[in-house]
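[1] with the input below, show me the fold.
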Amino acid sequence: MDEVDLVVVGFGGAGAAAAITAHDAGATVVVLEKQAEGAHTPSTRMSGGLVMAADSAADGAAYLDACAGGMVPSDVTAAWAESATDVLDWLGKTAGLTFSRINIAEHPDLPGASGVGVFQPGEAAFRLDPSAGAGDALFAAVAAAVQERGIEIRWSTPAQRLIVEDGQVVGVATAAGEIRARRGVVLTCGGYEFDENLKRDNLRAYPVHFYGNPGNTGDGVRMAQAAGAGLWHMNTMIGRAIGHFPLDTAEGGWLNFIINIDPPGHVIVDRSGERYANETMQAQLLHGFYYEMLRYDYDRAEYSRIPSWWVFDERRRTAGPLTLSHIGAVKVGLYDWSPDNSAEIDRGWIARGSTVQEAAAAAGMEDPEALARTVAAYNAACAAGVDELGRAADTLVPLDSPPYYCVPLYPGGSNTCGGPVRDAGGRVLDPYDVPIRGLYAAGELGQPVGMLYPADGANLSEAFCFGRIAARTALSS
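    Coordinates of the predicted model:
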């Protein structure tokens, strides 16, 4: 039977941070990863590679508290903020990365926002040359730091159960046998983006789809529950409107994609063909449009905006892919999106028609004529330069270049945030807020994100910050 100081379950950004921190403190570490080495798609790798950092712990804590909306204890956000003041220095020293400040906090009017920034590895501006600093490159640098230290990674080794003795977690059971942990177990195995039951029972609407790691199937939620953990904010997630498309393979299945509706020349409508929100939030890849998609129609017993429909014309079709190649499925090789979207039209993912009505009918919309009226009203708003839903005049580009296209959009995003309750030290707590000895968590499994997503890169910031915090707590307990 194996025995080490610390077992880390999951090899993403949080797992790497925990493993490196423990190793550098003199501990022996084993990382268990359910995926095979050649098919490893952690959410960090599938991300845009951005990292949120704080100029000061006080500003960071005030801002994170405001974003949490009361869903996260202030001492937990304070711990994150404190760690976020040196997370870029740690990544630089550990993985040889340099960062450029490229953006501000997503909610600049909230307290402390001026002290929070978004940073990208390298010197390139985000989306101008994203390959220079996207998540794939960032994770490769961090993973190399793990491997250079000789930390053992056991690939294709999913954790099955936590081993609990006398109320203390003392190891992990796998198909290959038990691994004992003298100082504890850190769960960094992601959320439940690909567990339909957990999503249906916990998220604010259903269906919801995600473009993060397809290996995230709620393993950590179930293991923590079985060990006695309480759960928190299981209804929170990092949200946008995303694409969800069927595979035409013998085994079936689906693929999910981050959706880039820019450049302008677009509307998003509900199932009845009516616009319902300012599309600029989605065009800028902010996280507010997701909330607009969650309306439940109790008269019809359905979510009236799931799916929504994105309508555009030939001008947008020829402008470039509908997804971002440096994020998600395309970046990690799960799919190769065509440059002009022609392959996706052929697959039936993008419905086409010579008129708006034909495109709507081809997509299966309930009322193509209603959509045509909506587009006509939108085009009139473009001519007038005034939009009833508040879009700026420079975004009002008419849909007047046939053929026309229609794509279903679903609420979704990169990841869920719910999971085991944790304290400021990364300790997992039971339903009475008592720490479960020997059990810690970091990353999107129980991530301390509440009502508002703080900024691009907050996910990776939290993963690297709480991965380090959890390891240090485990070794000092």
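
[2] now do the contacts for the spatially closest residue to Gly288 that is not a sequence neighbour.
    Residue nearest to Gly288 in three dimensions, not counting chain neighbours: Met281, with 4.6 Å by C-beta to C-beta, 6 or more residues apart in numbering. Glycine gets a C-beta too; all of them are placed from N, C-alpha and C. Neighbouring residues of Met281 by C-beta atoms under 8 Å, 6 or more residues apart in numbering: His287, Gly288, Phe289, Glu292.

[3] quick check: Val146 touching Ala22?
    No - shown here, Val146 and Ala22 do not form a contact pair, counting by C-beta atoms under 8 Å, at 11.0 Å.

[4] what about stretch 283-294, how long is it end to end?
    From its first residue to its last, stretch 283-294 covers 18 Å (C-alpha to C-alpha, to the nearest Å).

[5] what mean pLDDT does that stretch get?
    For stretch 283-294, mean pLDDT is 94.

[6] cool, and stretch 305-316?
    Mean predicted confidence for stretch 305-316 is 98.

[7] first-to-last residue distance for it?
    Using C-alpha to C-alpha, first and last residues of stretch 305-316 are 23 Å apart.

[8] buried ones in it, by neighbour count?
    Under the neighbour-count criterion of 16 or more other C-beta atoms under 10 Å, stretch 305-316 has Arg305, Ile306, Pro307, Ser308, Trp309, Trp310, Val311, Phe312, Asp313, Glu314, Arg315, Arg316 buried.

[9] can you put the residues you listed in a markdown table and add secondary structure and distance to Ala363?
    Shown next, in a markdown table, are those (DSSP: H, G, I helix; E, B strand; the rest coil; distance: C-beta to C-beta, whole Å):
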| residue | secondary structure | distance to Ala363 |
| --- | --- | --- |
| Arg305 | coil | 15 |
| Ile306 | coil | 15 |
| Pro307 | coil | 9 |
| Ser308 | strand | 11 |
| Trp309 | strand | 7 |
| Trp310 | strand | 10 |
| Val311 | strand | 9 |
| Phe312 | strand | 12 |
| Asp313 | strand | 14 |
| Glu314 | helix | 16 |
| Arg315 | helix | 19 |
| Arg316 | helix | 15 |
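
[10] switch the residues you listed over to TSV; also include distance to Gln160.
    As requested, these are exported to TSV (distance: C-beta to C-beta, whole Å):
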residue	distance to Gln160
Arg305	39
Ile306	34
Pro307	36
Ser308	39
Trp309	42
Trp310	41
Val311	47
Phe312	46
Asp313	52
Glu314	52
Arg315	52
Arg316	47
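
[11] helix/strand/coil for the closest residue in space to Glu366 that isn't next to it in sequence?
    Spatially, and ignoring its direct neighbours in sequence, Glu366 is nearest to Arg271 (5.9 Å; C-beta to C-beta, 6+ apart). Put simply, Arg271 is coil when judged by DSSP: H, G, I helix; E, B strand; the rest coil.
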